[in-house]
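Chemist: Sequence and predicted structure below; questions after.
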Amino acid sequence: MATLRFSFGTMGSGKSTLALQIHHNLSSRHLYGLLLTRLDRDGMQVTSRLGVAAPAIQVDPDLDIHKLAVEHWPLHYLVCDEAQFYTVEQCDQLARVVDDMEVDVYAFGLITDFRGQLFDGTKRLLEIADERVPLQVEARCWCGAHATHNARVVNDLVVYEGETVVVGDTADPGAQKIFGDVVRYELLCRRHYNLGELGA
């Protein structure tokens with residue numbers, strides 16, 4: 001029986017690495033599947049901070065994923081990275097792929113945004129997934145505690161308001177400028193997220 005599995009965690013918890021590993025393992029056994037992503041840091045591919053990457057289909061907001069699966073039939077699986085950015089309708093389409101087509105779906109995404117709130121795609125996948133799997137790679141705050149928050153850092157200050165989707169990375173300070181501001185993300189424990197403390 002096919003399943004919809006949603007694996008989730010913070011940035012740096014190995015989501016894209018695991019997505020690439022599953023896609024590799026299944027395709028190496030002569031199973032046919034699609035690798036999908038939305039707003040990956042490097043464009044139309046799934047990339048891991050470990051340096052591994054593979055081409056992927058870009059999930060634009062108007063893409064009907066169920067229709068895409070039908071067009072690529074026969075199909076054994078879908079691997080969906082950055083699923084937090086999928087629309088609620090696209091998440092429901094993933095469930096239809098499982099239920100109507102008996103195709104396994106492996107979805108990966110962030111649990112919360114920079115405000116500490118569930119993404120729309122994450123919320124929907126938590127509601128409908130057959131399996132909900134927290135990733136086992138524990139990202140750490142600068143203090144050594146378990147990281148629970150993806151803090152958005154603008155010009156070296158933690159911010160709590162703004163657009164939900166601003167693509168960035170956990171790169172070193174000064175790595176990316178957006179509209180004149182240096183924007184990056186920092187993994188923090190709840191305490192240091194609430195205090196806005198980035199450490200030394």
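Modeler: Nice, thanks for sending it over.

Chemist: Does Leu20 touch Gln45 like I think?
Modeler: No - between Leu20 and Gln45 there is no contact under Cβ atoms under 8 Å: 9.7 Å. (Each C-beta comes from the backbone N, C-alpha and C, glycine too.)

Chemist: Comparing those two, which residue is more hemmed in?
Modeler: Leu20 (23 against 18; other Cβ atoms under 10 Å).

Chemist: Spatially, what comes nearest to that one if we skip its sequence neighbours?
Modeler: Leaving aside its sequence neighbours, Leu20 sits nearest to Val52 (Cβ to Cβ, 6 or more residues apart in numbering; 5.3 Å).

Chemist: Could you count how many residues lie near the one you found?
Modeler: The number of residues packed near Val52 is 13, by other Cβ under 10 Å.

Chemist: if I pick Gly14, what's in contact with it?
Modeler: The contact partners of Gly14, taken as Cβ atoms under 8 Å, 6 or more residues apart in numbering, are 48, 135, 137.

Chemist: same check, this time on Asn150
Modeler: With Cβ under 8 Å, 6+ apart, Asn150 has these contacts: 10-11, 110, 112-114, 185-187.

Chemist: Nearest to His72 among those?
Modeler: Set against His72, the nearest of the contacts of Asn150 by Cβ to Cβ is Leu110 (26.5 Å).

Chemist: Secondary structure element holding Val79?
Modeler: Using DSSP states H and E, Val79 sits in strand 77-80.

Chemist: and after that strand, which helix or strand comes next?
Modeler: Toward the C-terminus from strand 77-80 - assigned by DSSP H and E - lies helix 88-101.

Chemist: tell me which residues of that following helix are tucked away?
Modeler: Across helix 88-101, burial judged by 16 or more other Cβ atoms under 10 Å covers 90-98, 101.

Chemist: Let me see the confidence value for Arg38.
Modeler: In this model, Arg38 is scored at 93, pLDDT.

Chemist: Tell me what Leu34 is bridged to.
Modeler: With DSSP bridges as the criterion, Leu34 is bridged to Leu78.

Chemist: Burial check on it, number of neighbours?
Modeler: Neighbours of Leu34 under the rule other Cβ under 10 Å: 18.

Chemist: domains in the chain, as residue ranges please.
Modeler: For the chain, automatic domain parsing gives the domain ranges 4-134, 149-195.

Chemist: wait, what's in contact with Met101?
Modeler: Neighbours of Met101 in contact, by Cβ under 8 Å, 6+ apart: 2, 69-70, 73, 75.

Chemist: and with 7 Å instead?
Modeler: Neighbouring residues of Met101 by Cβ atoms under 7 Å, 6 or more residues apart in numbering: 69, 75.

Chemist: And the pLDDT at it?
Modeler: Note on Met101: pLDDT of 98.

Chemist: any idea how far it lies from Ala95?
Modeler: The gap separating Met101 from Ala95 is 11 Å, by Cβ to Cβ, to the nearest Å.

Chemist: and if you look at Leu110?
Modeler: For Leu110, the distance to Ala95 - Cβ to Cβ - is 20 Å.
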